[in-house]
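J.: Build the 3D model from these lines:
(2 chains)
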Protein chains: 2
Amino acid sequence: MNTTYFKALNEAKPVEIFPGFIGRFVHTETITLVFWEVKAGSIVPEHSHIHEQMANVLEGSFELTVDGNSEILVPGVVAAIPSNIKHSGRAITDCKLFDVFSPVRQDYKKRSEEG
Amino acid sequence: MNTTYFKALNEAKPVEIFPGFIGRFVHTETITLVFWEVKAGSIVPEHSHIHEQMANVLEGSFELTVDGNSEILVPGVVAAIPSNIKHSGRAITDCKLFDVFSPVRQDYKKRSEEG
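T.: The predicted model follows:
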C-alpha cells in the first residue's frame, strides 16, 4: 500500500514518544500528522515547541491544559495550540488521538527512522 | 466551549464547498483542519492548489485519485498530496473525512466568515 501518495498506518513504525503514547507518523514537506494510541493515565508533561499543533480525540477522553486552561477533549472538540505555548495532557481513558503539526516534527521523523 | 484554544465542531459554521461536501473548519496561523460530512456519490472534480493536503477517512470509503493514481481511502489510510498536484475524489459511501492543509485555506476561511 505505501506509495508516493498513500500510506497505510499499520505499516508505519510505532514509536513510544512519551511513556504510554505510541505514535505513528506521516509527514509532508510542511505538515506532520500523528496518530496516537494512549493508555489510560498516561501523561504528557508540560512542554512547548515552535510547531503549531492541533489536537483531536478519535476515541476516549483526554484532559489537555493549554497555557493554564484545561478542557476535556472528546470527539468533536479541537484544540489549537499556538507556537511556543506551554501545554500538557493526561489520558482519562484509553484513547485514540491525532495531532497535526506544522512545520514538520523533525524530532519525530528522526525517531521513526532510527533502528 | 469556543475559547482561545478549544473549538467545538458543532459550533463551527457548516459550509458546502462542493455539492454534497459539508465542511467545518478550524484554522491556526499555518494549518487548516477540515471535518467533512459527505453524501455517497458526491464528487470533487480534478483540481490542484498550492496547499499541501493530507486526506483521511474517519467513516466510510472514498476513492481518491492523485496524479492519476487511485486508491480507496478507508480508516487507517492517509493520502499525502503535495503542493500543486492534481487530485479528484468520489464518495463510495456516505463518509466522514478530515483534511489537513498548510498553508491556511484562506478561501475556506472567507467562505465560513460570509453571511
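
J.: what helix or strand does the spatially most central residue of chain A sit in?
T.: Nearest to the mean C-alpha position of chain A, by Cα atoms, centre = their mean, lies residue A:99 at 3.9 Å. Element membership for residue A:99, per DSSP states H and E: strand A:95-102.

J.: got the angle between the helix or strand following that strand and strand A:95-102?
T.: Sequence-wise, the next helix or strand downstream of strand A:95-102 (DSSP H and E) is helix A:106-113. Angle, helix A:106-113 to strand A:95-102, by axes from the mean of the first three to the mean of the last three Cα atoms, to 10 degrees: 120 degrees.

J.: Just the C-alphas of helix A:106-113, formatted as CSV.
T.: Taking C-alpha atoms only, helix A:106-113 is exported to CSV below (Å, rounded to 0.1, in the frame of the first residue of the first chain):
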residue,chain,number,x,y,z
GLN,A,106,11.9,16.6,12.5
ASP,A,107,12.5,15.0,16.0
TYR,A,108,9.6,12.5,15.4
LYS,A,109,10.8,11.9,11.9
LYS,A,110,14.3,11.1,13.2
ARG,A,111,12.9,8.8,15.9
SER,A,112,10.8,6.8,13.4
GLU,A,113,13.8,6.4,11.1
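
J.: Give me the contact list for it.
T.: A:12, A:13, A:15, A:17, A:23, A:25, A:27, A:32, A:34 (Cβ atoms under 8 Å, 6 or more residues apart in numbering or on different chains). Any C-beta I mention is one placed from the backbone N, CA and C, and that applies to glycine too.

J.: helices or strands next to the host helix or strand of residue A:80 in the packing?
T.: Per DSSP H and E: residue A:80 is located in strand A:77-81. Applying 3 or more Cβ pairs under 8 Å, 6 or more residues apart in numbering or on different chains; DSSP states H and E, we find strand A:77-81 packed against strand A:52-59, strand A:62-66, strand A:69-73, strand B:6-8, strand B:21-27.
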